[in-house]
Structure formats: C-alpha cells, structure tokens
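S.K.: take this sequence and fold it.
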Amino acid sequence: MPSDGERAAAYSISLFVSVCKNGVELRMGRTDTMQTFRYTIQDEIGIHARPASMLSREAGQFSSAITMEVNGNTANAKRMMQLMRLDAHCGDQITVYVDGEDETEAVQAMLEAFSENL
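M.R.: Okay, here's the model as predicted:
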C-alpha cells in the first residue's frame, strides 16, 4: 500500500493533453505550480532574430516567468539574445514553462505567437 508521500507524489505529475492545430501537435499541461506546453518548430530556419524578437516582445507583456527549453538548453523568453542562443532548428520540440499570476493568459498568447512566427 502506498504511503501518503507516494500518493502525493503521484498527484504532482504533469498532465499533458495533445492538441492538433493546423497539422501542428501542441502538448499542453499543468503542474502544481506552473503551466507548460510543447511546440515543434515549423520554420525552416528555426529561431532566428525575427521570431526571437516577436516571442520576447510577447513574453515581456506578462508578469509571469516564461522559460523555454530545447535540446538541453534553457532561456528566459523575455530575453531575445537568450532565445537565439537556444540553437533551435526546424523539427526541434520546445518546452515552454509559464509560472505566475497571469500564466493562463501568457500561455494562450505564447501559443499564438509560436503558431504565427514559428
């Protein structure tokens, strides 16, 4: 029989839901402390100056902390140069972590920014 600690750990696992939109699979979920989603880059060049600028501008509108991770590299989404240093290419899957007061709105806005720019 599992202990209380084991049961509590089981409830803190992220739940991801796959959504297919315009042929792009997005994986969205929520942990106990933040919302996350995954996005596969469609842009042939990947994250370069223009999409990095658009993403950082969108992220900067929210008080929530927004972090992106790809291929073991992480970046503050509000910092354009950090986004460019992710070295993310077409076909790479980015995980986006959003944590803060306005995380629900930030997730929706970032999903739109990704689909429009990458």
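S.K.: packing partners for the top helix by length along the chain?
M.R.: Looking across the chain with DSSP state H, the single longest helix is helix 103-117. Helices and strands touching helix 103-117, by 3 or more CB pairs under 8 Å, 6 or more residues apart in numbering; DSSP states H and E, are strand 24-30, strand 35-40, helix 49-59, strand 93-99. All C-beta atoms are positioned from the backbone trio N, CA, C, and that covers glycine.
S.K.: how about JSON lines for those, with mean pLDDT added?
M.R.: JSON lines is the format used below for the helices and strands packed on helix 103-117 (pLDDT from 0 to 100):
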{"stretch": "strand 24-30", "mean pLDDT": "46"}
{"stretch": "strand 35-40", "mean pLDDT": "89"}
{"stretch": "helix 49-59", "mean pLDDT": "91"}
{"stretch": "strand 93-99", "mean pLDDT": "91"}
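S.K.: what's the closest of these to L83?
M.R.: With CB to CB as the criterion, L83 lies closest to helix 49-59 of the helices and strands packed on helix 103-117, at 4.0 Å.
S.K.: now the following helix or strand past that closest one: mean pLDDT?
M.R.: Later in the chain than helix 49-59, the nearest helix or strand by DSSP states H and E is strand 65-70. In this model, strand 65-70 has a mean pLDDT of 93.
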